[in-house]
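>>> Fold the following, please.
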Amino acid sequence: MRIVYMGTPEIAAVILERLLEEPYEVVLAVTQPDRPKGRGKAMACSPVKELAVSRGIPVFTPEKLRLPENVEVIREAAPDMIVVAAFGQILPKSVLEIPKYGCVNVHASLLPKYRGAAPIQWSILDGEKETGITIMYMNEGLDTGDILLQKVVPISPEETGGSLHDKLAVAGAEALVEAIPGICDGTLVPVPQGEMTTPYAKQLTKEMGKLDFTREAAELARYVRGLNPWPGTYTYRDGAMLKIWKADASEISEACDCGADAANPSAKADAIPGTVVRVTKTQFFIATGCGLLSVSEVQPEGKRRMSAEEYLRGYALVPGTVLGEKREDV
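Coordinates of the predicted model:
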């Protein structure tokens, strides 16, 4: 069977690598064009392109797939199936109608939950206990096609966006190779999606990473985990950025009991949000809109990541310090 594969980021590369172990012919890899990356803004290719080139698979990088001349490239590849995983463009009807066995998408959520660009991270940000993979037929909508197969993946209490990405990449690869035979022989029966039960999983931005300490500690802890590794979460101390890589909602203020800390009665959880209210050898506690956020791994501006214990040895921090806004003169 001839397959055209469309995908761009690392999760799509993991899925492609697994697909290449199967007795199918991947005749073309379609991915986003090279983009500037890093501080030097050097042009970099996508993980899918890198893998495809290393395996001798022809690569096509259209800026706009819907243009007639680009659709013709897909048509000339004569695919029996098009497989899509985090490609980054909506397929037009002219492409959807090309393959005999349709266009099949690997989506990293249990649709109809979390349609959109960033389902992995939003499942953590919203406090979900589980997510998963959906193999679906594609239509002209955004993640609205009929469901062919789903696999559930639990979300652990310590889950980060990065660790969940890796789990779902493996699960997505296995779900795809399980689904393809059933698609071809008709034993997998497509099931229409119901109404979406969550907001669209909108694209992540760097601005989302700035911690708003007026929110609850539990929500802030989910943001620290969900936005790790990108875009990461941060605040400011004395005008300089301080990235927060690991933090938890403190058990001290369980169930949003915002009274005094029994172990340290002078440390009030109802202090002004953003105020450091307690410092120990290995972590420090920040007052939030409800509860305390305990921080255990940070990265000062211009420095490497480090444990809070190491940070506190080199950067004196005392209760009463207020974290928050960047100074205009910095």
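
>>> show me where the chain has helices.
Secondary structure of the chain by DSSP state H: the helices cover 10-19, 47-54, 68-76, 93-96, 119-125, 161-185, 217-226, 308-314.

>>> mind putting the ones you listed in TSV, mean neighbour count included?
Any C-beta I mention is one placed from the backbone N, CA and C, and that applies to glycine too. What follows is the helices of the chain, written out as TSV (neighbours: other C-beta atoms under 10 Å):
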stretch	mean neighbour count
helix 10-19	22
helix 47-54	20
helix 68-76	14
helix 93-96	17
helix 119-125	25
helix 161-185	18
helix 217-226	23
helix 308-314	16
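
>>> Let's have the ones you listed in JSON lines, adding distance to Pro36 and mean pLDDT.
Listed next are those as JSON lines, based on distance: least, C-beta to C-beta, whole Å; pLDDT from 0 to 100:
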{"stretch": "helix 10-19", "distance to Pro36": "18", "mean pLDDT": "98"}
{"stretch": "helix 47-54", "distance to Pro36": "15", "mean pLDDT": "98"}
{"stretch": "helix 68-76", "distance to Pro36": "22", "mean pLDDT": "98"}
{"stretch": "helix 93-96", "distance to Pro36": "27", "mean pLDDT": "98"}
{"stretch": "helix 119-125", "distance to Pro36": "23", "mean pLDDT": "98"}
{"stretch": "helix 161-185", "distance to Pro36": "23", "mean pLDDT": "98"}
{"stretch": "helix 217-226", "distance to Pro36": "26", "mean pLDDT": "98"}
{"stretch": "helix 308-314", "distance to Pro36": "32", "mean pLDDT": "97"}
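
>>> To Gly324, which of those helices lies closest?
Of all the helices of the chain, helix 217-226 sits nearest to Gly324, with 13.0 Å by C-beta to C-beta.

>>> if we can go back for a sec, out of the helices of the chain, which is closest to Asp143?
Among the helices of the chain, helix 119-125 comes nearest to Asp143, with 8.5 Å by C-beta to C-beta.

>>> Distance from that closest one to the middle of the chain?
Relative to its parent chain, helix 119-125 has a centroid offset of 6 Å by C-alpha atoms, centre = their mean, to the nearest Å.

>>> Which strands or helices does that helix pack on?
With contacts taken as 3 or more C-beta pairs under 8 Å, 6 or more residues apart in numbering; DSSP states H and E, helix 119-125 sits against strand 130-137, helix 161-185, helix 217-226.

>>> Spatially, which residue comes closest to Phe60, not counting chain neighbours?
Spatial nearest neighbour of Phe60, excluding adjacent residues (C-beta to C-beta, 6 or more residues apart in numbering): Val30 at 4.8 Å.

>>> so how far is Lys93 from that neighbour?
As for Val30, its distance to Lys93 is 17 Å (criterion: C-beta to C-beta, to the nearest Å).

>>> one step back: could I get the helices of the chain as TSV with distance to Phe285?
Shown next, in TSV, are the helices of the chain (distance: least, C-beta to C-beta, whole Å):
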stretch	distance to Phe285
helix 10-19	35
helix 47-54	39
helix 68-76	54
helix 93-96	53
helix 119-125	22
helix 161-185	24
helix 217-226	9
helix 308-314	10
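
>>> now for the ones you listed, which one comes closest to Lys113?
With C-beta to C-beta as the measure, helix 119-125 is the member of those nearest Lys113 (7.8 Å).
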